[in-house]
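Enquirer: Give me a model of this one.
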Amino acid sequence: RPSPSPSPTPIVSRKPSPTPVSIESYFSSVKSVNLSLNQDFVKNFSAGLDNQALGISRAPALYKIYDATGSKSYAFSEFMSGLAMNIPGTLLPSLDDQVFYLTALYKGDTKIGYGFMVKLKDTSSGTTGAKGWEASSTNDLKFLLQYDPSKAASIDFLDNVYNGVPIRYRNFPDINSTIDYAIVPARNGETYLVVTNSREHMYSVIDRIK
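Expert: Numbering: from 1, shown residues only. Predicted structure coming up:
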């Protein structure tokens, strides 16, 4: 009597893991900028922007910042220290320092608004660290966000909510000259600390990534 043939080993096909969606895919304009970190940074950055395109799109654009040679992208901590802007030690450990962008938006007052986005590794400690930054952020960010701290319209930061996202803000002296910041959960599963200098800009970034 012949021996029964062994059953073939079933082949289990594994589905490839999905490629993570980049936060950049949520923005229609994503560019690289090569600049030195010095006192002329904001002026040089602004001069390199396509104001007409920003005005037509009325959407926030994303910028990855590289050194003057274009060989090295700045981490958030390098960018901030290079422009003499402080990051509290309580906030820095919660940041994914390498995932950092500047953002620009054509504002209703015909000017360009500025801001930045940096990925969080830990949302809870990032939220606490950002709240702790309020005490010094007005002075720390005046160079980048282009406002006059002496013209603050409120003593402290105030609360707002947009599209389910809590926002903390301080006006200098109106909604087009502010510090707005929020911890924004993106639909790709990442979370970002977003800081802008107008309410309109913050709303536009939230609409893009949430």
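Enquirer: helices or strands next to the lengthiest helix in the chain in the packing?
Expert: Longest among the helix segments of the chain by residue count, using DSSP state H, is helix 123-140. The contact analysis (3 or more Cβ pairs under 8 Å, 6 or more residues apart in numbering; DSSP states H and E) places helix 123-140 against strand 165-171, strand 178-185, strand 191-196. For glycine as for every other residue, the C-beta is placed from the backbone atoms N, C-alpha and C.
Enquirer: what about these, which gets the closest to residue 112?
Expert: strand 191-196 (11.7 Å; Cβ to Cβ).
Enquirer: Going along the chain from the lowest-mean-pLDDT helix or strand in the chain, find the next helix or strand for me.
Expert: Taking mean pLDDT, DSSP states H and E as the measure, helix 51-57 is the helix or strand of the chain with the lowest mean score, a mean of 91. Using DSSP states H and E, the helix or strand that directly follows helix 51-57 along the chain is strand 61-66.
Enquirer: Check which helices and strands the next helix or strand after that next one sits against.
Expert: Using DSSP H and E, the next helix or strand after strand 61-66 towards the C-terminus is helix 76-82. Helix 76-82 sits against strand 95-106, with contacts defined as 3+ Cβ pairs under 8 Å, 6+ apart.
Enquirer: what's the spacing between the strand it packs on and its chain's center?
Expert: Computed by Cα atoms, centre = their mean, to the nearest Å, the chain-centroid distance of strand 95-106 equals 4 Å.
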